[in-house]
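[1] Predicted model follows, preceded by the sequence.
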Amino acid sequence: EGEAIITLRAVRYAVLRYSASDSLLRIAGVPKAQQTQVASLFAWHILARPRFFDGPHARDLYTLAPIAEEGPDFAFDHAFDERILEVRIVAAAADLLTRDEEGRWRLQRSWTSRDAAGGALRHFHRSEVRFNRGWRLGEITFRILLRGEGKRPAQVTVRLKPPGTLAFRRTRHEKTILELIARNGLMTDRDAGLVLDAAE
């Protein structure tokens, strides 16, 4: 009596990677709505530290503020890594927010730009979007072209949506991606002990 049955669902793959030095848990292959629960179970059963990832800013990992401050002409600085040939911003989404009668922010409308050649952010020049005038940059997708052994460069596409989503498929390029966003000011500067990363 009082026992609960936990339902199971088919999962093609699920990956949990934990770095003790950074207190960083990466979860892949699990629906976003269930990632917090999986992190709590990991903290409870594996780390024996219940509520380890339950801090108020546990998913506050990334920011697009440096891009919004520079505006549509922002370009990634990748000179520190000779393997990176180019970084193209292939999609960007901005939201117009206004305050309602109760002072809460409400979404009025969104504006999305896509450009496989890398000009997605620059398209905002020809739009109604004006950052810091009610418009907020909500997410970007960028493609990193890397020097490879073959004739064509290797590519990895990354979706960055603050506060906690950094999604990409090729985990072998993870270190390069994290260093790129950190060096361009897109990681929040805070206590790593409360981090839950949703890198997929």
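    Here it is on my side, so go on.
[2] ok, E102 - how many residues close by?
    Using other C-beta atoms under 10 Å, E102 has 6 neighbouring residues. For the C-beta atoms, the positions are set from N, CA and C on the backbone; glycine is no exception.
[3] Roughly how far does it sit from K175?
    In this view, E102 and K175 are 45 Å apart by C-beta to C-beta, to the nearest Å.
[4] Show me the beta-bridge partners of the residue nearest the centre of the chain.
    For the chain, the residue nearest the mean C-alpha position is L166 (2.5 Å; C-alpha atoms, centre = their mean). Judged by DSSP bridges, the bridge partners of L166 are L160.
[5] right, and it touches I177 too?
    Yes. Using C-beta atoms under 8 Å, L166 makes contact with I177 at a distance of 7.5 Å.
[6] what do these two both touch?
    Common neighbours of L166 and I177 (criterion: C-beta atoms under 8 Å, 6 or more residues apart in numbering): V158.
[7] How are the helices of this structure distributed by residue range?
    For the chain, the helices defined by DSSP state H cover 32-45, 65-70, 174-183.
[8] Mind putting these into a markdown table with mean pLDDT?
    Converted to a markdown table, the helices of the chain look like this (pLDDT from 0 to 100):
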| stretch | mean pLDDT |
| --- | --- |
| helix 32-45 | 78 |
| helix 65-70 | 92 |
| helix 174-183 | 92 |
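[9] can you give me phi and psi for G134?
    Here is the backbone geometry of G134 (degrees, to the nearest 10): phi 100, psi -20.
[10] average pLDDT for stretch 81-95?
    Averaged across stretch 81-95, pLDDT comes to 95.
[11] For the remainder of this discussion, apply numbering that starts at 13.
    Sounds good: first residue 13 from here, last item stretch 93-107.
[12] So which bits of it are buried?
    Buried residues in stretch 93-107, counting neighbours by 16 or more other C-beta atoms under 10 Å, are found at I96, V99, R100, I101, V102, A103, A104, A105, A106, D107.
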